[in-house]
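J.: Please work out how this folds:
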Amino acid sequence: MTNNKQDKTTQLALSGVTCAGCVGRIEKALNQAPNVVAAQVNFATRTADISGGDVQQLIQAVQDAGYNATLIEDPALSEEQQTKELQQLLKTRSWYAAGGVGLGICLMFFGMDIADPFILRAVGWLTLAMMMTGEHFYKSGFKALKTGHANMDTLIAIGTSAAWLYSIVAVYQPTIFPENARGVYFEAAVMIIGLVNLGQVLEMRARLKTQSSLKNLLGLRPTHAYLVGSSEGESEEMVNILQVKVGDFLRIKPGDRVPVDGVVTQGQSYVDESMLTGEPMPVLKNIGDDLVSGTINGQGSVIYEATRVGADTALARIVEMVRKAQNSKPAISQLADKVAAIFVPVVMVIAVITALSWYFFGPQPALTYSFVTAISVLIIACPCALGLATPISVMIGIGKAAQMGVLVRNAQSLQQASNIDWVVLDKTGTITQGHPSVEDFAVFNNVDPMHTLELAQAIEQASQHPIAKSIVTYCHSALPDASGSLAPKVESFVSVSGLGVEGVMEMEGMKNGEFTMGNVKLMDTKNVDLGAAKEWLAIQQSKGRSLVLVAHQGALIGGFGLEDAVQPDSADAIERLKSQGIKVMMLTGDNQATAMRVAGLVGVDDYAAHLMPQDKLNHIKHLQEQGNVVAMVGDGINDAPALSQANVSFAMGQGTDVAIESADLCLLNSSLHGVADAIELSHATLRNIKQNLWGAFTYNSLGIPIAAGVLFPFTGVLLSPMLAALAMSLSSVTVVTNANRLRLFKPSLRK
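T.: Below is the predicted model:
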């Protein structure tokens, strides 16, 4: 997975992790390892993500802390192995639970009297039953004590061992105890172990459900591909997907999943990209179109050239992004982590204080009361509920987002999205379709139109901007086929951010020199006289069109008027954002008339035009200075400064380009509904986390005092250790079950 490089991430599978307290100890050990930049442990998945460090040193650090670790080289295989291990463990613990609870019920039904001679014959069998069904608790619990710390298993091991030891002494040396304290607790010890096992069985079943999101993504990866000899498909051979290299030609048959990323070279077909983008409608793929690994081919057969394989494919990067995000921690988890780190030692101290208080100040039989309450305190405490409260909700929430076509880079951004006050939108490719078309073309100062079109095509074909592509398409369609022989040669090319482009070229029929192509502001900076185009400019601006002007040697020679259609669902998505109490602003580098037209069509609260990238950044800073949490939605390139400044940044993806890593959240489709969906899911996830944390804190805050006997003066009843075990088991199950409700989340209805 990684070497010694600090910019790489190592993932380890952990074993022996039983509670949230273990998480803190492992993280501390890993962070103290040489060259480690940061380490995070996920209690829900029992995995660790470490930036930097040497693999062997990291594993050794985990072992020195009292746990075991193995390197995860392939997340897909690891996920599959983890699922198998969890299923096998589920079977084993189910038998342990059935045996412990069943035996405990039988013993309770028949009763266990110290005077009954059956006791002496049954002690050995009861001890054997305890050791068999609770072996994992005793090994883990006492191993933790040997390494100088304690975990949840320690509480169970001490509690049940104390009950067993007390009972053994009461059977073989009854005179040591007062007559009213000569009770036996074999059935309680057996039942406690059975109930705790039962709780873990229920928890593991719920945890298996939480793995479905990443498992579904991993399931999209095909295992084989059809390799052909050339782009014409002269021969065909089925090979393992690991054998495919960049540049290979592959055939996709009807109904097959695309094995690796590539570009269509022959044929056409509709491809279902819904599992990646969330868009239900298949997309027509022609020659030159991109194919994304994991998507499903329709009825056509195409041949394509592999451009990205292995870990570089879009799907592999999505899986890795989701996995890392699921292992990250939001700020809200910090309190739970701090409490969990000291939870078990504090509970042990409380148990000792409880025992001493009952022994010295409690009514008779004081010894029995002190013993029962101390065991109940040890058994009822549940650090697992605290440890699972946040990561289990984060896992499901981020996985749900991926299913909706929203990639979340980290849990903190998911939490922050629930606090957004303003959503700032770029215009081109965000609110609009990003595919502007040339609606008008004119030449000025008696210049030949063909020369101007050839010049514009030569300059803009070196640019990747959507407007440049539209101009190139228009020029290509307007020029005669023979004009290619007279095409100008670009000598130099410079992109002027937010304004346009500049170039120097050679061209037959025109004086060589500098050519400038861009908006009105760029022409002003170059002192280009726009007088010849005054009327044309007024007409274009009155129609709200974007303007691209062409100048040669400081003289205006041509102009293009473009329109970019608004996305059909942009207005609806913006209305959804506003219904959540969020204000929406549009920032664009386009002219005022175009900005006004688009702003009116989609109903934003505010807008600004003629902006440079730095201007967009300053607008966001201004909103933040007023105390607002600001989200920025852009294309991740020209809007990079604004995206970096925003509290939460959204990048508009196109399904094939998932590498827009300057943003906190990446939308795999081009709809703004993804922003509204993500914010709604953020609210739902944060609400779920708060419910889990509140439940875990409340349970322990009330359960431990009740187990200690605070209600005894009012009710005359103490909590049975068996009921304490049942309550502890159900607390973790409740947290996991509540988190799984997120799997049912559905965003508000779209119009």
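J.: which residue ranges form the strands in the stretch 201-350 of the chain?
T.: 224-228, 236-240, 249-252, 261-266, 269-272, 283-285, 290-291, 296-297, 302-308 (DSSP state E, counting those that start in this stretch).
J.: could those strands be laid out in TSV, adding mean neighbour count, distance to residue 406 and mean pLDDT?
T.: To be clear about C-beta, it is placed using only N, CA and C from the backbone, and glycine gets the same treatment. Compiled in TSV, the strands of the stretch 201-350 of the chain are given as follows (neighbours: other CB atoms under 10 Å; distance: least, CB to CB, whole Å; pLDDT from 0 to 100):
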stretch	mean neighbour count	distance to residue 406	mean pLDDT
strand 224-228	19	29	88
strand 236-240	12	32	86
strand 249-252	23	27	90
strand 261-266	20	20	91
strand 269-272	20	19	87
strand 283-285	19	19	85
strand 290-291	23	20	88
strand 296-297	20	20	88
strand 302-308	21	22	91
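J.: For residue 337, which of the ones you listed is the nearest?
T.: Residue 337 sits nearest to strand 302-308 of all the strands of the stretch 201-350 of the chain, at 37.8 Å, using CB to CB.
J.: so what are the domain limits for the protein?
T.: 9-73, 93-209+323-394+688-743, 224-256+261-308, 400-432+566-683, 437-563 (automatic domain parsing).
J.: Let's have the ones you listed in TSV, adding distance to residue 315.
T.: Shown next, in TSV, are these (distance: least, CB to CB, whole Å):
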stretch	distance to residue 315
domain 9-73	18
domain 93-209+323-394+688-743	12
domain 224-256+261-308	4
domain 400-432+566-683	9
domain 437-563	24
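J.: Among those, which comes closest to residue 85?
T.: Proximity to residue 85 (CB to CB) singles out domain 9-73 among the domains of the chain, at 9.1 Å.
J.: Measure how far that closest one is from the centre of its chain, please.
T.: Here the centre of domain 9-73 is set off from its chain's centre by 20 Å, with CA atoms, centre = their mean, to the nearest Å.
J.: Could you work out the end-to-end span of that domain for me?
T.: Start-to-end span of domain 9-73 (CA to CA, to the nearest Å) is 11 Å.
J.: what mean pLDDT does that domain have?
T.: Mean pLDDT, domain 9-73: 85.
J.: follow-up on the earlier one: export the strands of the stretch 201-350 of the chain to TSV and tack on distance to residue 472?
T.: Below are these laid out as TSV (distance: least, CB to CB, whole Å):
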stretch	distance to residue 472
strand 224-228	32
strand 236-240	36
strand 249-252	28
strand 261-266	19
strand 269-272	26
strand 283-285	22
strand 290-291	19
strand 296-297	30
strand 302-308	22
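J.: Of all those, which one is nearest residue 530?
T.: Each of these has some distance to residue 530 by CB to CB; the shortest is strand 290-291, at 39.6 Å.
J.: Need the contact partners of the closest one.
T.: The contact list for strand 290-291 (CB atoms under 8 Å, 6 or more residues apart in numbering) reads 252, 258, 261, 262, 263, 264, 271, 285, 302, 304, 656.
J.: what sits against the fourth one?
T.: Meaning residue 262. Residue 262 makes contacts with 250, 290, 291, 304, 305, 306, 307, 308, as judged by CB under 8 Å, 6+ apart.
J.: returning to that earlier point: looking at the domains of the chain, which is nearest to residue 83?
T.: Of all those, domain 93-209+323-394+688-743 sits nearest to residue 83, with 7.0 Å by CB to CB.
J.: what about that closest one, how long is it end to end?
T.: From its first residue to its last, domain 93-209+323-394+688-743 covers 26 Å (CA to CA).
J.: heads up, I number from 15, so please use that
T.: New numbering, starting at 15: the last item is domain 107-223+337-408+702-757.
J.: I'd like the average pLDDT over that domain.
T.: The model assigns domain 107-223+337-408+702-757 a mean pLDDT of 81.
J.: possible to save the contacts of strand 304-305 as JSON lines with distance to residue 327?
T.: JSON lines is the format used below for these (distance: CB to CB, whole Å):
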{"residue": "266", "distance to residue 327": "14"}
{"residue": "272", "distance to residue 327": "9"}
{"residue": "275", "distance to residue 327": "5"}
{"residue": "276", "distance to residue 327": "9"}
{"residue": "277", "distance to residue 327": "13"}
{"residue": "278", "distance to residue 327": "16"}
{"residue": "285", "distance to residue 327": "15"}
{"residue": "299", "distance to residue 327": "16"}
{"residue": "316", "distance to residue 327": "17"}
{"residue": "318", "distance to residue 327": "13"}
{"residue": "670", "distance to residue 327": "10"}
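J.: Going by distance to residue 601, which of the residues you listed wins?
T.: In terms of CB to CB, no member of the contacts of strand 304-305 lies closer to residue 601 than residue 670, at 26.2 Å.
J.: For that closest one, report the pLDDT, please.
T.: Note on residue 670: pLDDT of 39.
J.: Which pair in the contacts of residue 276 has the greatest spatial separation?
T.: Farthest pair in those (CB to CB) is 264 and 304. Separation: 13.7 Å.
J.: all helices for the stretch 215-364 of the chain, in order.
T.: Per DSSP state H, counting those that start in this stretch, the stretch 215-364 of the chain carries helices over the ranges 226-232, 288-291, 328-341, 348-375.
J.: Check the stretch 15-164 of the chain too.
T.: Under DSSP H, counting those that start in this stretch, the stretch 15-164 of the chain gives helices at 34-45, 69-78, 89-124, 132-147, 149-160.
J.: quick one, which of these is nearest to residue 356?
T.: That would be helix 34-45 among the helices of the stretch 15-164 of the chain, by CB to CB, at 7.9 Å.
J.: who's in contact with the closest one?
T.: Helix 34-45 is touched from outside by 28, 30-31, 50, 52-55, 57, 62, 64, 67, 72, 75-76, 78-81, 163-166, 350-351, 354-358, 397-398, 400-402, with contacts defined as CB under 8 Å, 6+ apart.
J.: could you redo the last one with a cut-off of 7 Å?
T.: Outside helix 34-45, the residues that touch it by CB atoms under 7 Å, 6 or more residues apart in numbering are 28, 31, 50, 53-55, 57, 62, 64, 72, 75-76, 78-79, 81, 163, 165, 351, 354-355, 357-358, 397-398, 400-401.
J.: what angle do that helix and helix 149-160 make?
T.: 50 degrees (axes from the mean of the first three to the mean of the last three CA atoms, to 10 degrees).
J.: Could you check helix 34-45 and say which residues are buried?
T.: For helix 34-45, burial by neighbour count (16 or more other CB atoms under 10 Å) applies to 34, 35, 36, 37, 38, 39, 40, 41, 43, 44.
J.: Closest one to residue 638 out of these, please.
T.: In terms of CB to CB, no member of those lies closer to residue 638 than residue 41, at 31.6 Å.
J.: Which of the buried residues of helix 34-45 lies at the shortest distance from residue 312?
T.: Set against residue 312, the nearest of these by CB to CB is residue 37 (46.3 Å).
J.: Please report the distance of that closest one from residue 239.
T.: The spacing between residue 37 and residue 239, counted by CB to CB, to the nearest Å, is 40 Å.
J.: same check, this time on residue 405
T.: Residue 405 is 36 Å from residue 239, where distance means CB to CB.
J.: One more: residue 400?
T.: In terms of CB to CB, residue 400 sits 46 Å off from residue 239.
J.: who are the neighbours in contact with residue 740?
T.: Residue 740 sits next to residue 209 when contact means CB under 7 Å, 6+ apart.
J.: what angle do the helix or strand containing it and helix 89-124 make?
T.: If you go by DSSP states H and E, residue 740 is part of helix 735-754. Helix 735-754 runs at 150 degrees relative to helix 89-124, counting by the same axes, to 10 degrees.
J.: Look up how far residue 76 lies from residue 45.
T.: Going from residue 45 to residue 76 by CB to CB gives 12 Å.
J.: before we move on, the earlier item: can you flag the buried ones in the contacts of helix 34-45?
T.: Of the contacts of helix 34-45, these count as buried by 16+ other CB under 10 Å: 28, 31, 50, 53-55, 57, 62, 64, 72, 75-76, 79, 81, 163, 165, 351, 354-355, 357-358, 397-398, 400-401.
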